[in-house]
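Colleague: For reference, the sequence and a predicted model appear below.
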Amino acid sequence: MRKALMFLPIIGLVASLLSGCEDRNELEDLALVMGIGIDKTEDQQIQVSLQFFLPQGSGQSGGSQMQSKGTGGANQSFIATESGETISDAVNKIAKRMSRRIYFSHNAVVIIAKKIARRHLNQVIDYCQRTREIRQRTLLFITDESMPKILSYQSVLEKTSSISLMKGEEKHLNLIATIHDVLLMRTRPNQPMAIPMIKIRKDSYDPRRQVTKIVGSELFANQKRVGMMNAERTMGLLMINGEYRDNTFTFKPKGNRGRLSMNIQDIQLRAVPTINHGRWHLSIHLSGKGILQENTTALNPLNARDRRRIEQQTEAYLASLITKGFKQSQCVGSDVYMTYEVFERSYPRECQRAREHWATVYPNIHLSVHPQIQLLHSGASNS
């Protein structure tokens, strides 16, 4: 008993040093940010729109500029917008209006206006990098839509538009760009970047509803916007960079009426770089499998000759897709195909010498694509 009493002062001393839940974050004290939109006003100030998540049963906090509405009441968010000299200044003005502390740890997306991205992308990345609560895996998008409009649109399946964008990217059917990806791209020669471009489009089945759609990718070099690649060519970019999973391509085969819809999957890629007498050449050997999902041509996939023609037409289409996208990136000087890394593995000395003037080397690289697609099956149809 006496020994137990001897330990009581020690236990009391240790207990007094414990902080307990002093730094806790209670949900009712936080305003959860799900999406950030950054734009520029007519007087050249930075405009920031924050999308806040409203858990069911919660009231709206702190007088937002606008509240998103939709049929069915599924959307649980509201938008607060302010402008300032910097991004931090605008966010601080929003914070002063809120009765809760702004909390960025649940933020899913950062949407950047095209006019901001054209010259000031570095300013946005700098803010996201310095704000501790914003995660480096946060998704980046570019748009020319109004920020409050694109953040407040009603998602049919998800609670907020930001969650809808995040889950859409998780399917890996489109280009994905995160803050971490952009920081990594900035270490490469000429700082090439590709960021998805989104727009609001009317639902083809219900014109009263709107949906966000990825329409392509914005290309950057030296932290400045230099061009845009359409969604189709972006698929070729994903193939070359090893980020492609599967996608259905619809195209018109040469010499035939109608169209083929082919699901391309299991892509395997081998890049062979060569430098011969100062001429840079990149040979891409691409293999994959195809599933014919729709056939409105006269070609019969059960016929051996027609089957091979379908495979050849698919191969020619993919080769054209990749080549056109590669040439477009060469024209604007943005090495988003990461050819520097491919050559560096085989020719480190030559690449080290070319690193400082890569902007003049990259446009002169010759590309050849050699696809090989195997048609697995044509579905349940016999024609």
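Modeller: Structure's in. What do you need? Residues are numbered from 1 along each chain as shown.
Colleague: okay, CA-based contacts and neighbour counts for the rest of this
Modeller: Noted.
Colleague: Report the secondary structure state of the residue nearest to residue 147 when sequence neighbours are not counted.
Modeller: Among residues not flanking residue 147 along the chain, residue 37 sits closest, at 5.5 Å (CA to CA, 6 or more residues apart in numbering). Secondary structure for residue 37, judged by DSSP: H, G, I helix; E, B strand; the rest coil, is strand.
Colleague: burial of residue 37, as a residue count?
Modeller: Using other CA atoms under 10 Å, residue 37 has 24 other residues around it.
Colleague: repeat for residue 370
Modeller: Residue 370: 15 neighbours (other CA under 10 Å).
Colleague: just residue 170 next, same as before
Modeller: Residue 170 - counted by other CA under 10 Å - has 11 other residues nearby.
Colleague: sorry, back to before: might you report the residue contacts of the residue nearest to residue 147?
Modeller: 48, 49, 50, 110, 111, 112, 113, 147, 148, 151 (CA atoms under 8 Å, 6 or more residues apart in numbering).
Colleague: element containing the last one, please.
Modeller: Pointing back at residue 151 there. Using DSSP states H and E, residue 151 falls within helix 147-152.
Colleague: what's the average pLDDT for that helix?
Modeller: The pLDDT scores in helix 147-152 average 87.
Colleague: could you point out which element follows that helix?
Modeller: Using DSSP H and E, the helix or strand that follows helix 147-152 towards the C-terminus is helix 161-170.
Colleague: Which strands and helices lie in contact with that next one?
Modeller: strand 30-40, strand 109-113, helix 147-152 (3 or more CA pairs under 8 Å, 6 or more residues apart in numbering; DSSP states H and E).
Colleague: nearest to residue 312, of these?
Modeller: Of all those, it is strand 109-113 that lies closest to residue 312, at 40.2 Å by CA to CA.
Colleague: Direction included, what does the closest one pair against?
Modeller: strand 30-40 (parallel), strand 139-143 (parallel) (DSSP bridges).
Colleague: Most widely separated two among the contacts of residue 37?
Modeller: Taking CA to CA as the measure, these span a maximum distance of 13.9 Å, between 50 and 113.
Colleague: Those two: which is more packed in?
Modeller: For residue 50 versus residue 113, the count of surrounding residues by other CA under 10 Å is larger for residue 50: 29 against 21.
Colleague: What distance do you get for that one to residue 35?
Modeller: Relative to residue 35, residue 50 is positioned 6 Å away (CA to CA, to the nearest Å).
Colleague: Name all residues that make contact with residue 282.
Modeller: Here residue 282 is in contact with 271, 272, 273, 274, 365, 366, 367, 368 (CA under 8 Å, 6+ apart).
Colleague: Mind checking which of those residues are buried?
Modeller: Buried by 16 or more other CA atoms under 10 Å: 273, 274, 365, 366, out of the contacts of residue 282.
Colleague: Which ones among those residues lie within strands?
Modeller: Of the buried ones among the contacts of residue 282, the ones assigned to strands by DSSP state E are 273, 274, 366.
Colleague: Reformat those residues as a markdown table; add pLDDT and distance to residue 336.
Modeller: Shown next, in a markdown table, are those (pLDDT from 0 to 100; distance: CA to CA, whole Å):
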| residue | pLDDT | distance to residue 336 |
| --- | --- | --- |
| 273 | 96 | 16 |
| 274 | 96 | 19 |
| 366 | 97 | 15 |
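Colleague: Among the residues you listed, find me the one that's closest to residue 167.
Modeller: Taking these together and measuring to residue 167 by CA to CA, the closest member is residue 273, at 36.2 Å.
Colleague: Apart from its neighbours in sequence, what residue is nearest that closest one?
Modeller: Distance criterion CA to CA, 6+ apart; nearest residue to residue 273, sequence neighbours excluded, is residue 282 at 4.5 Å.
Colleague: SS state for the one you found?
Modeller: Applying three-state DSSP: residue 282 is strand.
Colleague: Bridging across strands, which residues link to it?
Modeller: Legend: beta-bridge partners of residue 282 under DSSP bridges are residue 273, residue 367.
Colleague: Redo the helices and strands packed on helix 161-170 as CSV? Include distance to residue 249.
Modeller: Compiled in CSV, those are given as follows (distance: least, CA to CA, whole Å):
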stretch, distance to residue 249
strand 30-40, 31
strand 109-113, 28
helix 147-152, 28
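Colleague: Between those, which one is closest to residue 101.
Modeller: Here strand 30-40 is closest among the helices and strands packed on helix 161-170 (CA to CA), at 4.9 Å.
Colleague: Distance from the closest one to the middle of the chain?
Modeller: Centroid separation for strand 30-40 versus its chain: 17 Å, with CA atoms, centre = their mean, to the nearest Å.
Colleague: and the angle for that strand with helix 161-170?
Modeller: Following axes from the mean of the first three to the mean of the last three CA atoms, to 10 degrees, one obtains 80 degrees for the angle between strand 30-40 and helix 161-170.
Colleague: Mind checking what helix or strand follows strand 30-40 in sequence?
Modeller: Next along from strand 30-40, by DSSP H and E: strand 46-53.
Colleague: so where's this protein shaky on pLDDT?
Modeller: Scanning the chain for pLDDT under 70 picks out the ranges 1-25, 56-75, 172, 203-210, 379-383.
Colleague: longest single helix anywhere in it?
Modeller: Ranked by residue count, the top helix of the chain under DSSP state H comes out as helix 304-332.
Colleague: With that, I have no additional questions.
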